[in-house]
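**Student:** How does the following fold in three dimensions:
(2 chains)
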Amino acid sequence: MGIREIISLIFALGLGGAIGCGVAFTFWGSILNRSNNHGDYVGESSKYTKGLKYSDRSDRIKKKDERELYISAHYKALHKDLIFTDKNKLVKRPIPKKTQEQSHPAKGPGVSGTPGASGVTAIDHERFESYLK
Amino acid sequence: MATLCKNCGHALVFDPSIQKVRCDQCGSTFAAEEVESESKKYAKDQKVLTMAEVYGADSATDGSTEGTASASSTSGAEKEFLDCYIYTCSECGGEVTIHGSEVSTKCIYCGNPTVVFSRISQEECPQYIIPFAITKEQALERIKEEIGHGLFVPKEVKNFTPDIVHGIYIPYWLVDADTSAAYLMKKKVSSGKYTSYEYYGRSGMLSLRQLPVDACTMLSPESSTRLEPFDLSKMKDFDEDYLLGFYSNASDLTYYELDRLVSNRAKTIFDDMILQDFGRSAATTIDRDAASTKIDPNIRYAMLPAWFVTFDYKGQHNTILVNGQTGKVVCGLPMRKALFYTLLAISCIVLTVILTFLFYHIFHALLGVYSGRRSSSNNNGGRLIGLIFMAGVGMIGAGIKKIKTVFSNLKLTQSSKTFNFTKKRQE
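**Tutor:** Residues are numbered from 1 along each chain as shown, chains lettered A, B, ... in the order given. Coordinates of the predicted model:
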């Protein structure tokens, strides 16, 4: 067996083993989950929420495991900043004046039930920029 | 202190199939609101305990971190209380708290049949209740349907004989809360051979309404959370007569615990909302300000129904939960390990052999074509191989995660805490 064949075999074994075991684990893991796990979040809850009405303010919440919750949750994004770094260059989008004003006073103490002055936790831009240095 | 039928004097029970209170003896049915419990008449003559005597001198209703969680009323009206009968065991001195129609026949701690009525205590009366809509027989039927087809469920478990079947009203606090937090996120952006990073700032406000929080420390929050969702639009004003024939627990959650549970849950939902902005796996959080969660003091106290069914398998107690309103079955079942691992091993070996054979011939051909040539195609090929390998490893990880989920849910089902919550009741 030449060196080429050995290299091919090693690569093939590594890749074949990874993919083969990956497919086997994923497949049988899913079958086991469906067989022995009940009331968990994935896919099952929808048949129990069929026909339930949500309130006007509710959003259907999908957690990463696709659970639907019968609670009302409304998420509102308040600030969006974007700063690019390319390999050698730092490119900043100018921070709007409105965001600057909001960012200064409201440093939430982070204790439940006691929000900051404006009631909203603001982005700490100074700390933010330290990650880019 | 059972509620008695006014026609024949037999004890009444609430029947979920007709949503009315029924007499087993004469078949009479009454709406729950029409029936006046004997206990309500009896209680008028008894000494009423103050809140401080029930909860202790430090109890508060204004959202402080000490004391028991308590429903508050924005109108300032007086709270209502539920009478509970305290029996003392003559043998071990243990106290047994009885609600509604439970009859104390023996001590749940030592089994002594001589228990003596001691006094009436008062617990905060719930404001709402969702009556049972699923009967005991329907609950058992639902369980058989769900677990009957599992490939890896042992036969003895599929045909289990229930040991204990109790319908229990679980106390919940329905909470409104607002959470705000700020996140610094980092997202990798690849285009061709160049990689760059984008940094994002996100802050937001999450408003939660009617978040149900399990108010009973005897039951694990993981079990009670999985019972959800309940259709809260079907909640009714609380009436003791809905409890007839069922068990119930009172809230024993401190305000501090309530705050902690709400904050953790709000944070989890908030994290998910933030990630949805980016597409799930693309962005990572590099920093976050501590979230601040403000709970509305107007928390509502509700009783929500669940069936608890226990059985034994290989010396282990197992408890299956069934949502008493929707019939959702919650459990993690013991598995046929030998069958599962055998099938897994055989699949791994067979697929590895087939794919190795396939890839071997592909690589052999590719190496023959590209030998002696160093080009960008080789680099691309190397990257592709690496990517495929990582995909395979990722799939193994995903499969292992699913298997771990089964084991962790089995642990919940076999938890002694849940079993004791079910078992330690008057029969």
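
**Student:** So the closest residue to residue B:300 other than its chain neighbours, which state does it fall into?
**Tutor:** Nearest non-adjacent residue to residue B:300, counting by C-beta to C-beta, 6 or more residues apart in numbering or on different chains: residue B:174, 4.2 Å away. In this view, the C-beta of every residue, glycine as well, is placed from N, C-alpha and C. Of the three states, residue B:174 takes strand under DSSP: H, G, I helix; E, B strand; the rest coil.

**Student:** beta partners for residue B:174?
**Tutor:** Note on residue B:174: beta-bridge partners by DSSP bridges are residue B:212, residue B:300.

**Student:** so what's it up against?
**Tutor:** B:128, B:210-213, B:232, B:299-302 (C-beta atoms under 8 Å, 6 or more residues apart in numbering or on different chains).

**Student:** Per-residue confidence, it, what does it come out as?
**Tutor:** Per-residue pLDDT puts residue B:174 at 88.

**Student:** what's the distance between it and residue B:215?
**Tutor:** Using C-beta to C-beta, to the nearest Å, we find residue B:174 at a distance of 10 Å from residue B:215.

**Student:** Residue B:263 too?
**Tutor:** For residue B:263 relative to residue B:215 (C-beta to C-beta), the value is 16 Å.

**Student:** higher neighbour count, the two?
**Tutor:** residue B:215 (27 against 20; other C-beta atoms under 10 Å in any protein chain shown).

**Student:** Quick check: nearest residue in space to that one, chain neighbours excluded?
**Tutor:** residue B:251 (3.7 Å).

**Student:** Looks like the one you found contacts residue B:124 (just checking).
**Tutor:** Yes: using C-beta atoms under 8 Å, residue B:251 makes contact with residue B:124 at a distance of 7.1 Å.

**Student:** Looking at the two, which is more packed in?
**Tutor:** residue B:251 (24 against 21).

**Student:** For residue B:314, which non-adjacent residue is closest in space?
**Tutor:** residue B:334 is the one closest to residue B:314 (C-beta to C-beta, 6+ apart), at 7.3 Å.

**Student:** show me the contacts for that neighbour.
**Tutor:** Counting by C-beta under 8 Å, 6+ apart, residue B:334 has contacts A:36, B:153-154, B:157, B:313-314, B:316, B:318, B:410.

**Student:** hmm, try it at 10 Å
**Tutor:** Taking C-beta atoms under 10 Å, 6 or more residues apart in numbering or on different chains, we find residue B:334 in contact with A:36, B:152-154, B:156-157, B:313-314, B:316, B:318, B:406, B:410, B:413-414.

**Student:** is stretch B:13-32 anywhere near chain A?
**Tutor:** No: using C-beta under 10 Å from any C-beta of the partner chain, stretch B:13-32 stays clear of chain A, coming no nearer than 16.5 Å.

**Student:** buried residues in the longest helix along chain B?
**Tutor:** Across chain B, the helix with the greatest residue count (assigned by DSSP state H) is helix B:376-413. Within helix B:376-413, the residues that count as buried by 16 or more other C-beta atoms under 10 Å in any protein chain shown are B:385, B:388-389, B:392, B:395-396, B:399, B:402-403, B:405-406, B:409-410, B:412-413.

**Student:** Stretch B:137-156 too?
**Tutor:** B:138-140, B:142-143, B:146-147, B:150, B:152-154.

**Student:** Tell me the one of the contacts of residue B:174 nearest residue A:8?
**Tutor:** Relative to residue A:8, the closest of the contacts of residue B:174 is residue B:211; by C-beta to C-beta it sits at 57.8 Å.

**Student:** For the closest one, give its distance to residue A:24.
**Tutor:** Residue B:211 is 40 Å from residue A:24, where distance means C-beta to C-beta.

**Student:** before we move on, what about residue B:299?
**Tutor:** 49 Å.

**Student:** same question, residue B:346
**Tutor:** 9 Å.

**Student:** what helix or strand does the residue nearest to residue B:314 sit in?
**Tutor:** Residue B:334 belongs to no helix or strand when elements are defined using DSSP states H and E.

**Student:** contacting residues for residue B:315?
**Tutor:** So residue B:315 contacts nothing (C-beta under 10 Å, 6+ apart).

**Student:** can you pull the pLDDT of residue A:61?
**Tutor:** In this model, residue A:61 carries a pLDDT of 39.

**Student:** Surely residue B:415 touches residue B:317?
**Tutor:** Yes: shown here, residue B:415 and residue B:317 form a contact pair, counting by C-beta atoms under 10 Å, at 8.9 Å.

**Student:** who's in contact with stretch B:391-404?
**Tutor:** Applying C-beta under 10 Å, 6+ apart, the set of residues contacting stretch B:391-404 is A:14-34, A:36-37, A:42, B:335, B:340, B:344, B:348, B:355.

**Student:** Type out the ChimeraX command that picks the buried ones from those residues.
**Tutor:** Filtering these down to the buried ones (16+ other C-beta under 10 Å) takes a single ChimeraX command:
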select /A:14,15,16,17,18,19,20,21,22,23,24,25,26,27,28,29,31,32,33,34,36,37 /B:335,340,344,348,355
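
**Student:** Just the ones of the contacts of stretch B:391-404 in helices?
**Tutor:** The members of the contacts of stretch B:391-404 that map onto helices under DSSP H are A:14-34, A:36, B:340, B:344, B:348, B:355.

**Student:** ok so, going back, show me which of the buried residues of stretch B:137-156 neighbour chain A.
**Tutor:** When contact is defined as C-beta under 10 Å from any C-beta, the buried residues of stretch B:137-156 meet chain A at B:142-143, B:146-147, B:150, B:152-154.

**Student:** how much space between residue A:35 and chain B?
**Tutor:** Distance, residue A:35 to chain B, by C-beta to the nearest C-beta, to the nearest Å: 4 Å.

**Student:** Contact partners for that residue?
**Tutor:** Here residue A:35 is in contact with B:147, B:149-153, B:333, B:335-336, B:340, B:406 (C-beta under 10 Å, 6+ apart).

**Student:** one more time with 8 Å, if that's ok
**Tutor:** Residue A:35 neighbours (C-beta under 8 Å, 6+ apart): B:149-153, B:333, B:335.

**Student:** Next: residue B:149.
**Tutor:** Here residue B:149 is in contact with residue A:35 (criterion: C-beta under 8 Å, 6+ apart).

**Student:** ok, now how distant is it from residue B:343?
**Tutor:** Remark: distance between residue B:149 and residue B:343 (C-beta to C-beta) = 17 Å.
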